[in-house]
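Participant: Okay, sequence plus prediction incoming.
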Amino acid sequence: MKAVSRKRDRSKLPQTTSNDEGNKFSGKSSLQTSPPTELEIRGVPVHFPFRPYKCQEDYMGKVMDALHQSENALLESPTGTGKTLCLLCSTLAWQREQARAIKEKHSREPLLSQSAIAQMSSLEGSKQTTSVPTIIYASRTHSQLSQVMRELKNTRYRPRHALLGSREQMCVNPKVKKSEAVAADINHECNRLGKDRKCRFRNSLEGFQPESNEPGANPNVQPVMDMEDLLTMGKTRKVCPFYYTRSLIENAELILVPYNYLFDKEARTSTLSDVPWKNSVVIFDEAHNLEGFASDSASFDLTSVDVASCISELERVLGYQQSMPEITERISANNLIKLKAIFLQLEEYIQQLSNDRNVFSGEYMMKIFNEGMHINHSNHVMFVTEAKKVSEILMDLRSTSGSKGQT
């Protein structure tokens, strides 16, 4: 089930007749003028940080309708009406109610033998149908997700959660995240150090428990931290925020991710492999960005300069075959020569394309692969495998020259 929200022009917002007419819809100002409130929406008790406005109650009611009926929903709310807060409170209240119902159901069932429990747990999908639904909250940027976390702090809800980000955003190891390092460098160096257990920040996660950041909070309850809080924790406690958040995914009730984690198949099948998708609620916040994001994620630019760079890098690896065989031995000189020939063919093919049209539909790329590189469905896996080897060699060469022996 997917709940999708969008923003709407605040000028369309009806004027309020409440005694609190001077108050804004934002959580901060309302928190200062009214106490936390519990109200019932569609039969579910919902905690709210302040007395909600009528439009906020209506919004949460529509969220509840979609959740109860397992339907998709496209929801709009004027800018500044606390849309994010309404989404959090309504979905987390519904999730809490689902947990209560599951617990109550189990308490009424007769005790099962160990063999019966083992048999049930081995059934495919049993975990997805007997556990509390997972909420996936997706937004376009890391900064927007940090705002969601700040809103979560204003509520009484403290679900087990995971805020995911890239290594580029979350790495705190200064020997990995250098000023000149790009995302590919950071990813490669992180993987290299982690594989050899040479990253002290990642190694320090063993047995690590974060401290509470709220006065009087239950020490057994996971603290709510936005991206900035996670980075501060990583630097002060010398632990890795990137792998800390990933360790929370398996048992998380709320997972916050940028859009690309859902659009990218590799991310869904690796980073989010523990998510029970058939028993999850997916929220796309700021959904007016989805169309453009989807188009951008499925598009790319290919220039003759890019192809020339590939040829230059292949020549560089060929040159290292003699001087650094311990790094380049994973690919043969013959395959390097074949790859170079393929890219030379592509370079010539691109130069021959008509200059009056340089934007094509996605399907046209298959024609370029076939005619310009002789790559098709029968041999593309081999090509990609060998090209990845070259990329890995180049990254290893950079690591060897710039960060050998660093931890």
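Facilitator: Looks like it arrived, so ask away.

Participant: in the chain, which ranges drop under the pLDDT threshold?
Facilitator: Counting by pLDDT under 70, the chain has low-confidence residues at 1-34, 109-130, 354-358, 401-407.

Participant: what's next to the helix or strand where residue 137 lies, contact-wise?
Facilitator: Using DSSP states H and E, residue 137 maps to strand 134-139. By Cβ atoms under 8 Å, 6 or more residues apart in numbering, the list of residues contacting strand 134-139 from outside reads 87-88, 91-92, 95, 145, 148, 159, 252-259, 261-262, 275-276, 279-286. The C-beta positions use only the backbone N, C-alpha and C, and glycine is treated the same way.

Participant: Could you find the closest non-adjacent residue to residue 261?
Facilitator: residue 267 (4.6 Å; Cβ to Cβ, 6 or more residues apart in numbering).

Participant: hmm, back to that, sitting in strands, which of the contacts of strand 134-139 do you find?
Facilitator: Assignment to strands by DSSP state E places the following of the contacts of strand 134-139 there: 254-258, 280-284.

Participant: so residue 362 sits right up against residue 297, yeah?
Facilitator: No: Residue 362 is beyond contact range of residue 297, at 11.8 Å (criterion: Cβ atoms under 8 Å).

Participant: These two: who's more crowded?
Facilitator: residue 297 (12 against 8; other Cβ atoms under 10 Å).

Participant: so who does residue 199 touch?
Facilitator: Residue 199 is in contact with 173, 176, 190, 193, 240, 407, counting by Cβ under 8 Å, 6+ apart.

Participant: what about 10 Å?
Facilitator: Contact analysis of residue 199 by Cβ atoms under 10 Å, 6 or more residues apart in numbering lists 171, 173, 175-176, 189-193, 205, 240, 243, 406-407.

Participant: can you check residue 399 too?
Facilitator: 185, 188-189, 192-193, 327, 406.

Participant: Look up how far residue 187 lies from it.
Facilitator: From residue 399 over to residue 187 the distance is 12 Å, taken as Cβ to Cβ, to the nearest Å.

Participant: same question, residue 40
Facilitator: For residue 40, the distance to residue 187 - Cβ to Cβ - is 48 Å.

Participant: Looking at the two, which has the bigger crowd around it?
Facilitator: residue 187 (17 against 9).

Participant: So the more buried one: helix, strand or coil?
Facilitator: helix (DSSP: H, G, I helix; E, B strand; the rest coil).

Participant: The closest residue to residue 39 other than its chain neighbours: neighbouring residues, count only.
Facilitator: Nearest residue to residue 39, sequence neighbours excluded (Cβ to Cβ, 6+ apart): residue 46, at 5.7 Å. Using other Cβ under 10 Å, residue 46 has 27 other residues around it.

Participant: any idea how far the host helix or strand of residue 46 is from the chain center?
Facilitator: Secondary-structure assignment from DSSP H and E places residue 46 in strand 44-48. The chain centroid and the centroid of strand 44-48 are separated by 28 Å, computed with Cα atoms, centre = their mean, to the nearest Å.

Participant: Next up, the contacts around the spatially most central residue of the chain.
Facilitator: For the chain, the residue nearest the mean C-alpha position is residue 257 (3.1 Å; Cα atoms, centre = their mean). Residue 257 is in contact with 136-139, 142, 145, 162-165, 249, 267-268, 271-272, 275, 282, counting by Cβ under 10 Å, 6+ apart.

Participant: at 8 Å what do you get?
Facilitator: 136-138, 145, 164, 272.

Participant: How much space separates it from residue 161?
Facilitator: From residue 257 over to residue 161 (counting by Cβ to Cβ), the distance is 11 Å.

Participant: now do residue 330
Facilitator: When distance is defined by Cβ to Cβ, residue 330 is 40 Å away from residue 161.

Participant: Please state the backbone phi and psi of the residue lying closest to residue 61 once chain neighbours are set aside?
Facilitator: Nearest residue to residue 61 in three dimensions, chain neighbours excluded: residue 41, at 5.4 Å (Cβ to Cβ, 6+ apart). Note on residue 41: backbone dihedrals following degrees, to the nearest 10 are phi -130, psi 120.

Participant: bridging residues for residue 41?
Facilitator: Note on residue 41: beta-bridge partners residue 44, judged by DSSP bridges.

Participant: need the strands for the protein, in chain order.
Facilitator: Going by DSSP E, the chain shows strands at 2-8, 37-41, 44-48, 73-78, 134-139, 161-163, 254-258, 280-284.

Participant: May I see these arranged in JSON lines, with distance to residue 221 as well?
Facilitator: Listed next are those as JSON lines, based on distance: least, Cβ to Cβ, whole Å:
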{"stretch": "strand 2-8", "distance to residue 221": "26"}
{"stretch": "strand 37-41", "distance to residue 221": "19"}
{"stretch": "strand 44-48", "distance to residue 221": "15"}
{"stretch": "strand 73-78", "distance to residue 221": "29"}
{"stretch": "strand 134-139", "distance to residue 221": "17"}
{"stretch": "strand 161-163", "distance to residue 221": "11"}
{"stretch": "strand 254-258", "distance to residue 221": "13"}
{"stretch": "strand 280-284", "distance to residue 221": "22"}
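
Participant: what's the closest of these to residue 338?
Facilitator: Checking these against residue 338 by Cβ to Cβ gives strand 254-258 as the closest, at 37.6 Å.

Participant: re the thing from before, mind putting the contacts of residue 199 in JSON lines, neighbour count and distance to residue 378 included?
Facilitator: Shown next, in JSON lines, are the contacts of residue 199 (neighbours: other Cβ atoms under 10 Å; distance: Cβ to Cβ, whole Å):
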{"residue": "171", "neighbour count": "25", "distance to residue 378": "40"}
{"residue": "173", "neighbour count": "23", "distance to residue 378": "42"}
{"residue": "175", "neighbour count": "17", "distance to residue 378": "43"}
{"residue": "176", "neighbour count": "24", "distance to residue 378": "39"}
{"residue": "189", "neighbour count": "25", "distance to residue 378": "35"}
{"residue": "190", "neighbour count": "22", "distance to residue 378": "35"}
{"residue": "191", "neighbour count": "14", "distance to residue 378": "31"}
{"residue": "192", "neighbour count": "17", "distance to residue 378": "33"}
{"residue": "193", "neighbour count": "22", "distance to residue 378": "38"}
{"residue": "205", "neighbour count": "19", "distance to residue 378": "44"}
{"residue": "240", "neighbour count": "28", "distance to residue 378": "42"}
{"residue": "243", "neighbour count": "19", "distance to residue 378": "39"}
{"residue": "406", "neighbour count": "14", "distance to residue 378": "43"}
{"residue": "407", "neighbour count": "14", "distance to residue 378": "44"}
